[in-house]
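Asker: Predicted structure and sequence below. I'll ask about it afterward.
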Number of protein chains: 2
Amino acid sequence: MSAEIICVGTEMLLGDILNSNAQFLAKQLAQLGIPHYYQTVVGDNPERLKQVIEIAISRAQILIFTGGLGPTPDDLTCETIADFFGVPLVERPEIIEDMAEKFAQRGRVMTSSNRKQALIPEGADILPNPTGTAPGIIWQPRPNVTILTFPGVPSEMYRMWEETAVPYLKSQGWSQEIIYSRSLRFWGIGESALAEKVTSYFNLLNPTVAPYAGNGEVRLRISAKAPSEAAAEDLIVPVETQIKEIAGLDFYGVDQETLASVVGKLLLQSGETLSVAESCTGGGLGQMLTEISGSSEYFWGGVISYDNSVKVGMLGVNPDDLAKLGAVSATVAEQMAVGVKTRLSTTWGLSITGIAGPTGGTDTKPVGLVYIGLAGPKDEVASFEYRFGQTRTRPFIRHVSACTALDVLRRKLLTREP
Amino acid sequence: MSAEIICVGTEMLLGDILNSNAQFLAKQLAQLGIPHYYQTVVGDNPERLKQVIEIAISRAQILIFTGGLGPTPDDLTCETIADFFGVPLVERPEIIEDMAEKFAQRGRVMTSSNRKQALIPEGADILPNPTGTAPGIIWQPRPNVTILTFPGVPSEMYRMWEETAVPYLKSQGWSQEIIYSRSLRFWGIGESALAEKVTSYFNLLNPTVAPYAGNGEVRLRISAKAPSEAAAEDLIVPVETQIKEIAGLDFYGVDQETLASVVGKLLLQSGETLSVAESCTGGGLGQMLTEISGSSEYFWGGVISYDNSVKVGMLGVNPDDLAKLGAVSATVAEQMAVGVKTRLSTTWGLSITGIAGPTGGTDTKPVGLVYIGLAGPKDEVASFEYRFGQTRTRPFIRHVSACTALDVLRRKLLTREP
């Protein structure tokens, strides 16, 4: 028993909209324990949609459609499905009634084109749409083929899925083992280096372990198939524990945790405060920190010292050092960190100065060269040099710089002498 | 001649990531005038991937793959394609060399698992990856079948597409009638209000005009079908001109222009400088401004005054006013703007103070209440109150606050007396 997701709409073929429905349904199916192996996007074209149905019923038993249920002439999903299975459409008075009521509530008049939405295949059940006008269907046109249709509007689809489709799918006893996943997140190690350390885990069958990388960070997704979430947890936890031990400090958090949330938690624990001085990130580090609601407990603020005059005037960076060593130097990073920590009276001061590109690089100071400065409670100060690569884009270098600064502080907080 | 997009990755079947690559490629194909009728997502499974290739070559001539080119064992796209067409993989020394150089630049060591990325089907051309390590291929394994592969990491894929795939596809003479679009961008007006002003344009057939809303902003997309970009331009420009005239100051830019880039251009023109003081956005306004390469010409920096002590100490906000009126008040916004402008010696000072939520709201000062302050070259200062809604999320309120601050400055720069 497996499902296939079929998203219908020419707007996806034109790239006008992002297919977030497929992601939503994929996650939901995994949680229900219904496997699915293919997703297909096709335009509002009956012939091509029929071909897609033909292929889908050859490899899946549950077909989940989104899109093409609206009132306009290009909305053809329901009639094409009926046509494919050779079943006539019938007008369902309860749909007309429901639509009329909704239009009245909004003070609008139901148009004749809306009547089209009341036509569903003979023998199909209505899948009610509590928020919009277009209902879906639940239909078994043949043994071993079950069809569910949803409108393309995500908010309408979500409610219909949760209120009707989930109970229905559960009641059919199709849920096999659920797939439950946890992402372990790593910073400061590349995908291939991490993969080599944990390579033996890639051969596991349940749970499986798979790496993926993006935006400068690597994740390992541990996925377990089990009859329940608790049973899946039991499979995941030992592997998770072992991998964390192998990865050591390169591991920083799971699932929705971010470097900023992890640093925030550590600062809350120690009752310490933080300020930042940013040059090439221009505020991005502060923004990351303040994404966390409640960050005002430990994050006091900072200085965006984009121009050198601000480094001198607001942070007390030595103008001679600036002239001699340049703004992108270890010394200036350290002075920025000390300056912001002192002036904002925080426990820690964290700074970033670097060349985000695409212009501004030289032979000795290429694009991607970044210094992170960290000043701490014992008047210690340190700086760290990074070369994020001359081929990287400006947004990438800025993002990775801010993350790396947080990671520098995270490692310090975890490893300092008491 | 048509293309098919095939996205490979179990993470998409689990709903772990949103398939933004498909949207990017769809848009690009439309712009190139290469039709595509299907998109398929399949997991990291060689047998299923082969079935997908079988189906795709029966209905399309250009197969575009993303994902599965990484160094780990589950990255199987390239070898599966080679296997399908019965062609061996060969190691290409130029790929090894390029990878070694990139690892050296980043001060990392190339691992043996990376060597896998140098294996491509015999007879295939390398599709170079300027930013990452995994190259793609361009390959005609059979007459009437052309294969292009890309890694799943969007930023790497985009550059490979633009630098190599686009020139290649253009040179093949496959482009039919192109679909060429322009997005007009608006700030400070809602979707329905704008739609009512330009409703007559929604009936046009070529170009078409369609509204989109999201993240606090409204766009109108004008799309023309024509044999060439120039002919499409001729269709778009008159409609664009008329809509701009109708929208007035609510229109701020086209396509990739942002409020930050538009403000930057205006400041460059007037030879003026800007500094910012941010509370609830925590650096987000500075980050937006510095996304623009070259922003150091006019953006000098700012103060992230998250804690009240920083508002007083670094910006000179009056502690009595803070105590009496609260940090989220018109007076404090104005003092922040004046403070940062004065201390950083810039022409303009722009400030934000507000309640981003989800906590911290009260009856009189609900979540979503935001004040923007603007101090200018004639010692003028003004503040503006916004209520972005108590049901909005923290990221939304922060994003819209930063955009609105930029919009306040944009309108001022465009309407001030000379």
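Answerer: Arrived safely. Just so we're clear, the structure is a prediction, and the values are computed from it rather than from any experiment.
Asker: Against chain B, how distant is the one residue sitting closest to the centre of chain A?
Answerer: Centroid-nearest residue in chain A: residue A:256, 8.8 Å away (criterion: Cα atoms, centre = their mean). Residue A:256 sits 12 Å away from chain B, going by Cβ to the nearest Cβ, to the nearest Å. Placement of C-beta: from N, CA and C, glycine included.
Asker: Is there proximity between the helix ranked longest in chain A and chain B?
Answerer: Counting by DSSP state H, the longest helix found in chain A is helix A:394-415. Yes - against chain B, helix A:394-415 shows contacts by Cβ under 8 Å from any Cβ of the partner chain at A:394, A:395, A:396, A:398.
Asker: ok, now which ones touch the first one?
Answerer: When contacts are counted by Cβ atoms under 8 Å, 6 or more residues apart in numbering or on different chains, residue A:394 is found next to A:356, A:357, A:358, B:291, B:293.
Asker: so the residue of chain A most remote from its centre is in which element?
Answerer: Relative to the centre of chain A, and counting by Cα atoms, centre = their mean, the farthest-placed residue is residue A:320 at 45.1 Å. Here residue A:320 sits within helix A:319-325, counting by DSSP states H and E.
Asker: Mind checking the pLDDT average for that helix?
Answerer: For helix A:319-325, the mean per-residue pLDDT is 98.
Asker: Output the contacting helices and strands for that helix.
Answerer: On a contact count with 3 or more Cβ pairs under 8 Å, 6 or more residues apart in numbering or on different chains; DSSP states H and E, helix A:319-325 meets helix A:308-315, helix A:330-344.
Asker: Just the residues contacting the helix or strand of chain A with the lowest mean pLDDT, thanks.
Answerer: When each helix and strand of chain A is scored by mean pLDDT, DSSP states H and E, helix A:112-115 comes last, with a mean of 78. Residues outside helix A:112-115 that contact it (Cβ under 8 Å, 6+ apart): A:71, A:72, A:91, A:96, A:99, A:103, A:133.
Asker: ok, now with 10 Å
Answerer: A:70-73, A:75, A:91, A:95-96, A:99-100, A:102-103, A:133-134 (Cβ atoms under 10 Å, 6 or more residues apart in numbering or on different chains).
Asker: Okay, the residue lying closest to residue A:406 once chain neighbours are set aside and residue A:404: tell me how far apart.
Answerer: Using Cβ to Cβ, 6 or more residues apart in numbering or on different chains and skipping the chain neighbours, the partner closest in space to residue A:406 is residue A:259 (3.9 Å). Note on residue A:259: its distance to residue A:404, by Cβ to Cβ, to the nearest Å, is 9 Å.
Asker: Of all the residues in stretch A:101-115, which ones are buried?
Answerer: By neighbour count on 16 or more other Cβ atoms under 10 Å in any protein chain shown, the buried set for stretch A:101-115 is A:102, A:110, A:114.
Asker: sec struct for the residue of the stretch 51-200 of chain A found nearest chain B, please.
Answerer: As assessed by Cβ to the nearest Cβ, chain B sits closest to residue A:192 within the stretch 51-200 of chain A, at 4.3 Å. Here residue A:192 is recorded as helix under DSSP: H, G, I helix; E, B strand; the rest coil.
Asker: give me every residue that touches residue A:258.
Answerer: A:185, A:217, A:252, A:264, A:288, A:289, A:291, A:292, A:403, A:406 are the contacts of residue A:258 under Cβ under 10 Å, 6+ apart.
Asker: in whichever helix or strand comes after the least confident helix or strand of chain A, what counts as buried?
Answerer: Downstream of helix A:112-115, the first helix or strand assigned by DSSP H and E is strand A:119-121. Under the neighbour-count criterion of 16+ other Cβ under 10 Å, strand A:119-121 has A:120, A:121 buried.
Asker: what do you get for stretch A:230-241?
Answerer: For stretch A:230-241, by 16+ other Cβ under 10 Å, it's A:232, A:235, A:236, A:239, A:240.
Asker: which residues of chain A score low on pLDDT?
Answerer: For chain A, the stretches with pLDDT under 70 are A:106-107.
Asker: and the residue lying closest to residue A:251 once chain neighbours are set aside, how many neighbours does it have?
Answerer: Spatial nearest neighbour of residue A:251, chain neighbours left out: residue A:244 (5.1 Å); criterion: Cβ to Cβ, 6+ apart. The tally of other residues near residue A:244 (other Cβ atoms under 10 Å in any protein chain shown) stands at 15.
Asker: Quick check, residue A:244 in contact with residue A:184.
Answerer: Yes - the criterion here is Cβ atoms under 10 Å, and residue A:244 meets it with residue A:184 at 7.0 Å.
Asker: Overlap of the contact sets of these two?
Answerer: Common neighbours of residue A:244 and residue A:184 (Cβ under 10 Å, 6+ apart) are A:220, A:251, A:254.
Asker: If any of those are buried, give me the PyMOL selection for them.
Answerer: Applying 16+ other Cβ under 10 Å to the shared contacts of residue A:244 and residue A:184, the buried members can be selected in PyMOL as follows:
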select buried, chain A and resi 220+251
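Asker: so of the shared contacts of residue A:244 and residue A:184, which ones are in helices?
Answerer: Going by DSSP H, the helices hold none of the shared contacts of residue A:244 and residue A:184.
Asker: domain parsing for chain A?
Answerer: A:3-171, A:178-254, A:259-415 (automatic domain parsing).
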